[in-house]
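A.B. asks: Sequence first, predicted model second:
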Amino acid sequence: MNDPDIASITAWTVERGLAGDGEIALLHGFCERCAAAGLPVTRAIAIIDTLHPVYEGRVFYWSGDRPLDTPMSQYEPNSGGDGEPGWLTSPFYQMFNSGEGEMRRRLHLGETADFAVLEDLRQEGQTDWFAMVQRFDKATAIGEMDCFMSRWTTAQPGGFSDADITALRRLVPTLGLAIKSASLARVAQSLVEAYLGRDPGRRVLKGKVSRGAAERINAVIWFSDLQGYTALTERIGSDEIIPLLNDYAEIVITSVHAAGGDVLKLMADGVLAIFTAGDPAAACAAALAAEASMRLKHDELNDRRAAAGRPVSSIYLGLHIGDVFYGNIGSKDRLDFTVVGQAVNEASRIASMCRSVDREVLFSSAFREFLPEPEQHRLVSVGRYALRGVSRPEELFTIDPERRG
């Protein structure tokens, strides 16, 4: 590989990194261009940590000599997890802890005793193994994302030449910078969606960040919380509170998301979500589907927790539909992307009525009116009630137990 080839691949990597290509496209395009220019790379792996509620990092794969099972995998935190033994015996663990920036093993010369993976690669026909770690400045590290690791192998007889290693040293840092850029964009997206909600997160990343910037929308408002949560927390150990909240939040959030809704706020045991659609009837039907899914998961969860001797609870839910303002509210220093308006207040009051009328779910008359007629007949009135902060009495409905699907 000559200098013009190195310059061309570097320019391509910078261009595609700035264009926003994903990590897989960057690695594959990079390797294909290296191979075409005469660098005898047969397989490559790129590793970068991330900041995610579940996964610690991602591994990206390229192979020029066999089909890939997958171009990418994600790994959970190694400490104490299933992946810890493999990590502790890996070449990257040694490099990471020793401060080494490079490691090379000439597989064709039998340099495989240190790590089991090297002998596996030798038996698969690889002749040389070269790994690099590009470290980030500690002040700019985000979470565990403090370096970019890569591994390069060849099946060329005699392994990599000195010129090949020099080319990798010149080229890989640029690839690492491009993959870091793509991973940081992914971190930003996953964080805002995890903490703000999926639709609010997307809107914020598109620039909807001005205080007071809100739009009027028609939406189904979902308010749910746990029955007797305050009393329950007084009876159970403090170490049970967070697992309990997580278990019940999981079934609510997954049900809302699966039905196309967006969870906007978690308030201890409470969840605020919305369902929007061009057709209000479709939004109401989606919310009703989410309620049915949540109840099935709720029964399964309570069976599991009871079998394990852990405390159980019930979920109260209020559903209403109306116009709300959706956008940024707060101060210059602290904003919240949420919904406000009389319809939100009314949905909250309906949810709180579940305790008074001893029903797990209550619907407003407006919600019922938008449902298709067959679904309307599944709902039965529980009476008219004066709701705090609402000027007129509201007729509320629940699902007829005999007609629950």
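C.D. replies: It's in.
A.B. asks: For stretch 376-394, list every residue counted as buried.
C.D. replies: Neighbour counts over stretch 376-394 (16 or more other Cβ atoms under 10 Å) mark R378, L379, V382, Y385, L387, E394 as buried. C-beta here means a position set from N, CA and C on the backbone, and glycine is covered the same way.
A.B. asks: What separation do you get for the first one and I321?
C.D. replies: What it means is R378. To I321, R378 is 17 Å away according to Cβ to Cβ, to the nearest Å.
A.B. asks: in the chain, which spans are helices?
C.D. replies: Ranges of helices within the chain are 3-19, 23-36, 84-88, 91-98, 116-123, 162-196, 198-205, 229-235, 238-258, 280-307, 342-357, 365-370, 373-376, based on DSSP state H.
A.B. asks: mean pLDDT lowest for which of these?
C.D. replies: Among the helices of the chain, helix 84-88 carries the lowest mean pLDDT, at a mean of 71.
A.B. asks: From Q342, how far off is the closest residue to C354 other than its chain neighbours?
C.D. replies: Leaving aside its chain neighbours, C354 sits nearest to Y316 (3.8 Å; criterion: Cβ to Cβ, 6 or more residues apart in numbering). According to Cβ to Cβ, Y316 stands 21 Å off from Q342.
A.B. asks: With neighbour numbers in mind, choose between those two.
C.D. replies: More crowded of Y316 and Q342, by other Cβ atoms under 10 Å: Y316, with 24 against 13.
A.B. asks: The more buried one touches D358, doesn't it?
C.D. replies: No: at 10.3 Å, Y316 does not count as touching D358 under the criterion of Cβ atoms under 8 Å.
A.B. asks: still on that earlier bit, list the beta-bridge partners for the residue nearest to C354.
C.D. replies: Y316 has the following beta-bridge partners by DSSP bridges: D225.
A.B. asks: circling back to that earlier point, could you dump the helices of the chain to TSV with distance to W129?
C.D. replies: Output for those, formatted as TSV (distance: least, Cβ to Cβ, whole Å):
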stretch	distance to W129
helix 3-19	21
helix 23-36	16
helix 84-88	17
helix 91-98	8
helix 116-123	6
helix 162-196	12
helix 198-205	39
helix 229-235	55
helix 238-258	42
helix 280-307	46
helix 342-357	59
helix 365-370	63
helix 373-376	62
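A.B. asks: Relative to H52, which of these is closest?
C.D. replies: H52 lies closest to helix 162-196 among the helices of the chain, at 5.6 Å (Cβ to Cβ).
A.B. asks: other SSEs contacting that closest one?
C.D. replies: Other elements packing on helix 162-196 under the criterion 3 or more Cβ pairs under 8 Å, 6 or more residues apart in numbering; DSSP states H and E are helix 3-19, helix 23-36, strand 43-49, strand 128-135, strand 147-154, helix 198-205.
A.B. asks: what's next to the longest one, contact-wise?
C.D. replies: I take that to be helix 3-19. Contacts to helix 3-19, defined as Cβ atoms under 8 Å, 6 or more residues apart in numbering, come from residues 25-26, 29-30, 33-34, 37-38, 167, 170-171, 174-175, 177-179, 181-182.
A.B. asks: now stretch 303-312
C.D. replies: Residues from elsewhere that reach stretch 303-312, judged by Cβ under 8 Å, 6+ apart: L232, R235, I236, E240, P243, L244, D247, L301, N302.
A.B. asks: in that stretch, what counts as buried?
C.D. replies: R305, P311, V312.
A.B. asks: so how far is it off the chain centroid?
C.D. replies: 28 Å (Cα atoms, centre = their mean, to the nearest Å).
A.B. asks: now swap in stretch 46-60 and tell me
C.D. replies: For stretch 46-60 - counting by Cα atoms, centre = their mean - the centre lies 11 Å from the chain centre.
A.B. asks: again, but for stretch 329-348
C.D. replies: 24 Å.
A.B. asks: and if you look at stretch 216-225?
C.D. replies: That offset, for stretch 216-225, works out to 23 Å (Cα atoms, centre = their mean).
A.B. asks: Give me the mean pLDDT for that stretch.
C.D. replies: 95.
A.B. asks: Using CSV, write out every CA atom in that stretch.
C.D. replies: What follows is stretch 216-225, C-alpha atoms only, in CSV (Å, rounded to 0.1, in the frame of the first residue of the first chain):
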residue,chain,number,x,y,z
ARG,A,216,-51.2,22.0,20.3
ILE,A,217,-52.0,18.3,19.6
ASN,A,218,-54.9,15.9,20.2
ALA,A,219,-53.8,12.9,22.2
VAL,A,220,-54.9,10.1,24.5
ILE,A,221,-53.5,10.7,27.9
TRP,A,222,-52.5,7.7,30.0
PHE,A,223,-52.0,8.1,33.8
SER,A,224,-51.2,5.0,35.8
ASP,A,225,-49.8,4.2,39.3
